[in-house]
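**Student:** quick one: sequence and predicted model below, then my questions.
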Amino acid sequence: MTQQPRTILDRIGNTPLIPLRHIRPANGARILLKLETENPTGSMKDRMALAMIEAAEADGRLKGGRSVVEYTGGSTGVSLSLVCAVKGYPLDIVTSDAFSKEKLDHMQLLGATLHIVKSESGRMTEKLTKDMIEEARIIAEAKGSFWTDQMKNRDQLSAYHRMADEIWQQSEGRIDGFVQSVGTAASLRGIAEGLRQKRSIAIVAVEPAESAVLSGGPSGAHKIDGIGAGYVVPLWDKGIADGIERVSTDEAMAMAFRLAREEGLFAGTSTGANVIAALRLAETLGPDATIVTVMCDTGMKYLKIFGAKLGAEAASG
């Protein structure tokens, strides 16, 4: 008899891996998409939120009654809100009006207290990231909170090592390349480490073209939620990736729309960026290659943003 989950947290992980059927490389290579939308909050960040909290519980940094604090563009915050709701920890989230209203509402509905840092014209910038980090530091110091500090927290890597094991098993070891966008760099790093323990494969990082700091470009503003902090993040190591692909906000959103319309896969813009980079990698690896990338989160988190884009398209004819 199949063991039933004790809480919703037991449903984190073991997500499907499926091939793209219509959005495919011209050379016939295969792209597989890891459907992280099947996690409880519709995001891969459920994995790392649970790993960070449980590691802190295990070594005594986090005990009953102590509050938790984090800065986040939304998906990590929603995932932490879920984990803290189940485990009973008060949670303070430092976030911004630059991120989707759906994510902010979701965090509040799960019981988090939000602290909003104003952005410059609703865009993600290096200054905004650093302002949010500083606000989280101040709150942690004032309240004696456990600060998960996702940009530096290595506890989350174990969650992505397990995700690499899932990918390996589901692909039956047939994988020639892996592509993932970079926010904290934890998912790319953890999955790459896990896969490379099994065989040598091509690893490609993805960043916003408007803020391509990892590949030596200047910091800039963009609208791809969850990636492109605007500076080289602490968990990044240039040895992680064999290559870095730059994808613009417009390209990423256009691909997110294609995924919905052609594959029935409703995802956010970071997923759109991943698929574009996977298509590019496929063309270099050849027709027999299999490339895995990630459906990071659900498009339900971006309904207002996507709706505004649809309205603009309709108005322009």
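**Tutor:** Nice, thanks for sending it over.
**Student:** chain center to the helix or strand bottoming out on mean pLDDT in the chain: distance?
**Tutor:** Using mean pLDDT, DSSP states H and E, the weakest-scoring helix or strand in the chain turns out to be helix 303-315, at a mean of 89. Between the centre of helix 303-315 and the centre of its chain there are 23 Å (C-alpha atoms, centre = their mean, to the nearest Å).
**Student:** do the same with stretch 125-138
**Tutor:** Relative to the centre of its chain, stretch 125-138 is centred 19 Å away, using C-alpha atoms, centre = their mean.
**Student:** just the buried residues of that stretch, please?
**Tutor:** T125, E126, L128, T129, D131, M132, I133, E135, A136 (16 or more other C-beta atoms under 10 Å). Every residue, glycine included, has its C-beta placed from N, CA and C.
**Student:** show me where the protein has strands.
**Tutor:** Using DSSP state E, the strands of the chain run over 17-19, 30-35, 68-71, 91-96, 113-117, 146-147, 177-181, 202-208, 243-247, 290-295.
**Student:** got TSV for these, with mean pLDDT and mean neighbour count too?
**Tutor:** Formatted as TSV, these follow (pLDDT from 0 to 100; neighbours: other C-beta atoms under 10 Å):
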stretch	mean pLDDT	mean neighbour count
strand 17-19	98	14
strand 30-35	98	22
strand 68-71	97	28
strand 91-96	96	25
strand 113-117	96	16
strand 146-147	98	22
strand 177-181	98	28
strand 202-208	98	25
strand 243-247	98	20
strand 290-295	98	26
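**Student:** which one of these lies closest to L62?
**Tutor:** Closest to L62 of the strands of the chain, according to C-beta to C-beta: strand 146-147, at 4.6 Å.
**Student:** what are the pairing partners of that closest one, and which direction each?
**Tutor:** If you go by DSSP bridges, strand 146-147 pairs up with strand 68-71 (parallel).
**Student:** who are the packing partners of the least confident helix or strand of the chain?
**Tutor:** If you count contacts as 3 or more C-beta pairs under 8 Å, 6 or more residues apart in numbering; DSSP states H and E, helix 303-315 packs onto helix 101-109, helix 249-258.
**Student:** which of the ones you listed has the lowest mean pLDDT?
**Tutor:** Mean pLDDT is lowest for helix 101-109 among the helices and strands packed on helix 303-315, at a mean of 93.
**Student:** check which helices and strands that one sits against.
**Tutor:** helix 75-87, strand 91-96, strand 113-117, helix 303-315.
**Student:** how does it look with 6 Å?
**Tutor:** Contacts defined by 3 or more C-beta pairs under 6 Å, 6 or more residues apart in numbering; DSSP states H and E place helix 101-109 against helix 75-87.
**Student:** just the CA coordinates of the helix it packs on, formatted as CSV?
**Tutor:** The C-alpha coordinates for helix 75-87 follow below in CSV (Å, rounded to 0.1, in the frame of the first residue of the first chain):
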residue,chain,number,x,y,z
SER,A,75,8.9,32.3,-5.1
THR,A,76,11.3,31.7,-2.3
GLY,A,77,9.0,33.7,0.0
VAL,A,78,5.9,31.8,-1.0
SER,A,79,7.8,28.5,-0.4
LEU,A,80,9.1,29.7,3.0
SER,A,81,5.6,30.9,3.9
LEU,A,82,4.3,27.4,3.2
VAL,A,83,7.0,25.6,5.2
CYS,A,84,6.7,28.1,8.1
ALA,A,85,2.9,27.8,8.2
VAL,A,86,3.1,24.0,8.5
LYS,A,87,5.9,24.1,11.1
